[in-house]
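Colleague: Dropping a prediction and its sequence here:
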Amino acid sequence: MKLQTVSNRKLYLQIADQIRDQILSGEASHRQQLPSERDLAISLGVSRPTVREALIALEVAGLLEVRVGVGAFVLAPGKSNRELPDVSHSPVEVMAARRTLEPETAALASQNIDAAGKFRLAGTVRQMRAETDAGQWSSESDRALHMTLAENCGNAVLRELLETLWAFRSEAVDKRFHRHLADIVSLREHIMDDHERIANAVIAGDATGARAAMAAHLEFVEKAMLDVWD
């Protein structure tokens with residue numbers, strides 16, 4: 001029997017492997033713009049978000065420069081580390097999981113958070129507002145806000161699940177994905193407003209408002225992840 005080795009690498013990393021091989025072989029030259037995301041998706045028979053994740057992985061490896069709304073451009077291979085992540089979770093899948101869990105986490109936090117938790121949450125929001133007003137964005141502050149809710153939701157299993165998801169959010173491809181979003185001023189300000197609405201509802205003990213605010217926030221970010229590149 002002749003069997004082929006089964007790969008357990010994420011689909012977007014398998015696509016990134018193919019594009020990397022073409023860059024390293026010289027088939028795609030320095031400064032050349034790759035075909036559009038839409039054309040790559042059609043030729044590969046995959047979704048556009050999967051192609052987008054592959055391009056971000058190649059950017060992390062130093063093989064591409066991704067310009068949101070413009071395209072992806074080949075960089076000189078000699079200036080890159082060429083290494084793609086061996087294990088990296090799909091940012092789109094991580095966001096889908098967060099949309100399932102975090103709205104209810106916010107609602108639960110509004111009913112269980114104590115005075116110390118409220119103080120920490122309010123302080124985090126003030127820090128995020130100062131960063132946003134200064135034209136900055138911090139993944140550490142972002143994580144602090146969401147994990148403060150998880151730590152005060154009253155459910156240890158839910159907290160542990162969210163700790164795992166936020167560990168995935170800290171992986172290089174996911175961080176770069178969100179970094180592109182944060183570089184857009186209007187998106188950064190919208191996300192800040194979302195965070196304030198979430199925190200205010202939680203501190204006020206408004207479970208319905210906290211759930212709705214978190215759901216709207218994650219829906220907005222997910223849509224931006226899929227649409228802003230166009």
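Modeller: Arrived safely, thanks for sending. Values in this document were obtained by computation on a predicted structure and should not be read as measured data.

Colleague: List the residues that contact Cys153.
Modeller: Neighbouring residues of Cys153 by CB atoms under 8 Å, 6 or more residues apart in numbering: Thr105, Leu108, Ala109, Asn112, Arg159. Where you see a C-beta, it was placed from the backbone N, CA and C, and this is true even at glycine.

Colleague: in stretch 197-210, what's buried?
Modeller: Arg197, Ile198, Ala199, Asn200, Ala201, Val202, Ile203, Asp206, Ala207, Gly209, Ala210 (16 or more other CB atoms under 10 Å).

Colleague: that older thread, going by distance to Ala134, which of the contacts of Cys153 wins?
Modeller: Ala109 (27.6 Å; CB to CB).

Colleague: Neighbours of the closest one, how many?
Modeller: Counted with other CB atoms under 10 Å, residues neighbouring Ala109 total 31.

Colleague: out of everything not next to it in sequence, what's closest to it?
Modeller: Once flanking residues are discounted, Ala109 sits nearest to Leu149: 4.3 Å by CB to CB, 6 or more residues apart in numbering.

Colleague: Val68 now?
Modeller: With CB to CB, 6+ apart, the residue lying closest to Val68 is His180, at 5.3 Å.

Colleague: Next one: the one you found relative to Val70, how far apart?
Modeller: His180 sits at a distance of 12 Å from Val70 (criterion: CB to CB, to the nearest Å).

Colleague: List just the nearest of the buried residues of stretch 197-210 to Gly123.
Modeller: Ala199 (10.1 Å).

Colleague: moving C-terminal of the helix or strand hosting the closest one, what's the next helix or strand?
Modeller: Assigned by DSSP states H and E, Ala199 belongs to helix 185-203. Sequence order places helix 207-227 as the next helix or strand after helix 185-203, per DSSP H and E.

Colleague: quick revisit: what angle separates the helix or strand that contains the residue nearest to Ala109 from helix 207-227?
Modeller: Mapping Leu149 onto the secondary structure by DSSP H and E places it in helix 139-151. Orientation of helix 139-151 against helix 207-227 (axes from the mean of the first three to the mean of the last three CA atoms, to 10 degrees) gives an angle of 140 degrees.
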